[in-house]
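Colleague: here is my input; please provide its structure:
(2 chains)
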Amino acid sequence: MRSPVASTAPAAVAGPAAPRGDARRDTAEQTGGMLLEQPLHAADVPWQVVVWNDPVNLMSYVAWVFRRHFGLDAGTAEQRMMQVHTDGRAVLADGNREVMERHAEAMHEYGLWATVERVPR
Amino acid sequence: MRVSAASAAQAADGVLGTVRVEVEEARILASLADQLQALLADALETGAERDGALGRLLPDAYRHEPELADEWRQLSRRGLVDRKIGFARTLSTALAPIAAASTATDVALTEAEALDWVRGVGDLRLVIAERMGIIVDGDEGTFAEPGLRDVYDWMAWLQDSLVRLLEESDDARRAQEAR
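Modeller: This is a model prediction of the structure:
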């Protein structure tokens, strides 16, 4: 299940090698026909960090970690924690891969099971 | 064991709260924290995949991209393991003197120490759960040694108490900032 965070994310592109179509042609015309090769950098592809349910961590602890690390208000943290508990997973953030990896590392530091994945199209 | 919020005088010194620790509790927790440090140090030497408990302490950051998972592990594992060893060491350092004492002792925790405790205790629960065979929600544990389940539940209570202590402190800080 996708969370509200994911659904408000900008639409993902297919991958690093995705053609940019009209955008590139427009750019080429604007620069006097000079072809600007601007392959989309991997860091621009939207990624998300997912926290998975586990049978060990306390619900109170998980909600507190979400508040503390992601700066969520109490209600949102509680809702996201319940999503992990009932759906088995919840998306906590999206953005570039490097930032998502830092979130995952922080979650592991708190003992939560978190992974990074591409935002589904 | 009893966890209480700091007095006004303690709070002024940066103390979040105190934990009253019985000698026997200190012995158990200090011993477990020492074992956790050894397990984590071992993870750096041998790689984490061999031990199920280490899989819970240090999960992969990618499920379907083995190359990214490897790359991430190479970049982050050492730092993560060092920090987790540090959490367990904070527990050992505070508890070893109590384990050797003859009466219950109050341990005053700063915020930094409480953060180490709450995470160190959480890591210990992950390891014990794996040893007990707790796989899904509601599992009672199949391979529980007598007493291990009690220790596991006792640490849940301790962690929950520490979370409340930290939450109150976070709330107080937010109220201060909003003013």
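
Colleague: count the residues that sit near the closest residue to residue B:105 other than its chain neighbours.
Modeller: Distances taken as C-beta to C-beta, 6 or more residues apart in numbering or on different chains put residue B:98 closest to residue B:105, at 4.6 Å, once the chain neighbours are dropped. No exception for glycine: its C-beta is placed from N, CA and C like everyone else's. For residue B:98, the tally of surrounding residues (other C-beta atoms under 10 Å in any protein chain shown) stands at 24.

Colleague: sec struct for residue B:98, please.
Modeller: Under the three-state scheme (DSSP: H, G, I helix; E, B strand; the rest coil), residue B:98 adopts helix.

Colleague: what's stretch A:69-89 in contact with?
Modeller: Stretch A:69-89 has contacts (C-beta atoms under 8 Å, 6 or more residues apart in numbering or on different chains) with A:1, A:3, A:50-53, A:59, A:62-64, A:66-67, A:90, A:92-93, A:103, A:106-107, A:110, B:137.

Colleague: if you set the cut-off to 6 Å instead, what comes out?
Modeller: Contact with stretch A:69-89 is made by A:1, A:50-53, A:59, A:62-63, A:66-67, A:90, A:92, A:106, as judged by C-beta atoms under 6 Å, 6 or more residues apart in numbering or on different chains.

Colleague: still on that earlier bit, residue contacts, the residue nearest to residue B:105?
Modeller: B:21, B:26, B:105.

Colleague: cool, residue B:72 as well?
Modeller: A:101, B:61.

Colleague: point out the least confident member of the contacts of stretch A:69-89, please.
Modeller: For those, the weakest pLDDT value sits at residue A:1, with 30.

Colleague: quick one: residue A:121 is in a strand?
Modeller: No. Judged by three-state DSSP, residue A:121 forms no part of a strand; its state is coil.

Colleague: got the residues of chain B near chain A?
Modeller: Proximity of chain B to chain A, by C-beta under 6 Å from any C-beta of the partner chain, involves residues B:59, B:61-63, B:72, B:76, B:80, B:83, B:122-123, B:125-126, B:129, B:134, B:136-137, B:139, B:156, B:159-160, B:163, B:167.
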